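Engineer: Just a sequence and a predicted model for now, questions to come.
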Amino acid sequence: MVRIALAVDVTATEESGEDGVYMRLVQRWEEANEGWRVDVQWLAPEADEQRSQLAVAMQSDDLTYDVLALDNQWVPEFVEREWLLPVDTENELLGWGGFLDRSRDAVCHRDQAWAVPFHMDVGLLYYRADLVDPEEITERTATDGWRGLLELAEEVRDEHGLAHGYTGQFGNYEGLTVNALEFILDDRSGADTGGGGIFHEADEGGDCPVATSASGDFQGLRVLEEGLNPGEEKTGVIPRAALEETEAESLNRFRSGDVVFMRHWPRAVSRLRADAQSDETLQEGLTWVGWGGEAEGDDPAFGVLPLPVAVLGGHSLAVTEESRHPDQAWSLVRSLTGREAQEDLHASGLLPSRGSGYQLESEDPADSEYWTRLRDAVEEGRLRPRTPYYPYVSEVLRHHVHTQLNPFAPDPHPDDMVCELNAALAGRVGSCD
């Protein structure tokens, strides 16, 4: 028996995950490998809890896994803890050259691959196509980044009488780290002041750079803060309730007609298309107009465009150092990440890690355009800081961002955040001396 730890399958409708694409792929391997069974252990829904579960399991003699599904940013930590076997990228059965460059970057540490890319994820900008011109969005973001987008959101909100202009995932969990990094990494946000915030990588000349220090005044966070707290005489473009919201709440806010723009993952496209007629959505429904599409008439509609800066997500599959069945484990990993599996992921709305997964023929030109653009978005997306101490870095960043966005908290100083981030990047917790 091969034991695998999998994250929650977002394509499944049953709580057990049995009807999702992950289980279909696992069952295909079982059918091709008579006598072998896969014991699937489902992890908690939230990324922070998933990592904790895996860390406990890897230090226990009773909870040995053969294969782990890892958030890509955990790879360096798990390598340094000596929990993973390296990937033989020369194995022709793996087809390493077929993976997207960005997906290979995401699993690299110490100049070696330690996991096989499973599927990718990238933030997208959802917009109400019946309220705003996509060309105007592109022009504003190209020139002024997030600041330009939030200014446009305010204008459209006021013109059409919506409650707010923009929403994302700003609850105090990993989603806040991702959303905050997308603002921080936008160079245009600090154009007037020479601001910005950046993670510096070790200059060792390798193919897998590691983030070792941070600097800057993180001007992009001020743009985000202004969107939430514009002053006593104005209503925030971003709802204050968003500071407690995750993917589910932000999606509900967009489909209910509360905002003009939303930051979300690509999986929200299928959900919006599928549930547009439900009682929780706009009564008229939201018509899908594709990537950068325009609405026909005045009926509510939505499309997607690239964010000013997009941070990548995604999962990879790694074989553990303690695997009792490494040959079968690698066979399972190759099957779950092969070309046929990638086509299944595509059909389920997940982003393949192989380039071939974006080249499937479609009778709908808009659908083909959407997947072509998604591949571009992945290749242009930004990785989270690559460090064995990523959990510390994420925790420090979230703490300071959440404090800065809270109008009742003491006014934080950027130097404090930079100091604590540098301590976290060095593996020190609770001290920046």
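Structural biologist: Nice, thanks for sending it over. Numbers count the residues shown, from 1 in each chain.

Engineer: Let's verify residue 407: helix, strand, or coil?
Structural biologist: Classification of residue 407 into helix, strand or coil gives coil, according to DSSP: H, G, I helix; E, B strand; the rest coil.

Engineer: go on, residue 5?
Structural biologist: For residue 5, the reduced secondary structure class is strand; criterion used: three-state DSSP.

Engineer: same question, residue 39
Structural biologist: Going by three-state DSSP, the secondary structure assigned to residue 39 is strand.

Engineer: Please look at it and residue 26 and confirm they touch.
Structural biologist: No - the pair residue 39 and residue 26 fails to qualify as a contact (CB atoms under 8 Å) at a distance of 9.9 Å. (Glycine included, C-beta is placed from N, CA and C.)

Engineer: so what's residue 238 scoring on pLDDT?
Structural biologist: Per-residue pLDDT puts residue 238 at 97.

Engineer: so who does it touch?
Structural biologist: In this structure, residue 238 makes contact with 150, 164-168, 170, 224, 227-228, judged by CB atoms under 8 Å, 6 or more residues apart in numbering.

Engineer: what about it, distance to residue 185?
Structural biologist: Using CB to CB, to the nearest Å, one gets 18 Å for the distance from residue 238 to residue 185.

Engineer: Over to residue 268?
Structural biologist: Spatial separation of residue 268 from residue 185 under the definition CB to CB is 22 Å.

Engineer: Would you map the helices across this structure?
Structural biologist: Remark: helices of the chain, listed N- to C-terminal, are 21-32, 47-58, 75-80, 101-105, 134-160, 174-184, 219-228, 247-255, 267-275, 326-336, 339-347, 365-380, 390-405, 414-425; assignment by DSSP state H.

Engineer: Going by neighbour count, list what's buried in stretch 308-327.
Structural biologist: For stretch 308-327, burial by neighbour count (16 or more other CB atoms under 10 Å) applies to 308-320, 323, 325-326.

Engineer: Which of those residues fall in strands?
Structural biologist: Using DSSP state E, the members of the buried residues of stretch 308-327 that fall in strands are 312-319.

Engineer: and the residues you listed as JSON lines, adding distance to residue 363 and pLDDT?
Structural biologist: Listed next are those as JSON lines, based on distance: CB to CB, whole Å; pLDDT from 0 to 100:
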{"residue": "312", "distance to residue 363": "30", "pLDDT": "97"}
{"residue": "313", "distance to residue 363": "29", "pLDDT": "96"}
{"residue": "314", "distance to residue 363": "28", "pLDDT": "96"}
{"residue": "315", "distance to residue 363": "30", "pLDDT": "97"}
{"residue": "316", "distance to residue 363": "32", "pLDDT": "98"}
{"residue": "317", "distance to residue 363": "32", "pLDDT": "98"}
{"residue": "318", "distance to residue 363": "38", "pLDDT": "98"}
{"residue": "319", "distance to residue 363": "39", "pLDDT": "98"}
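
Engineer: Next, residue 245: phi, psi?
Structural biologist: Summarising the backbone geometry of residue 245 under the convention degrees, to the nearest 10, its torsions are phi -110, psi 150.

Engineer: Quickly list the domain ranges of the protein.
Structural biologist: 2-121+313-380, 124-306 (automatic domain parsing).
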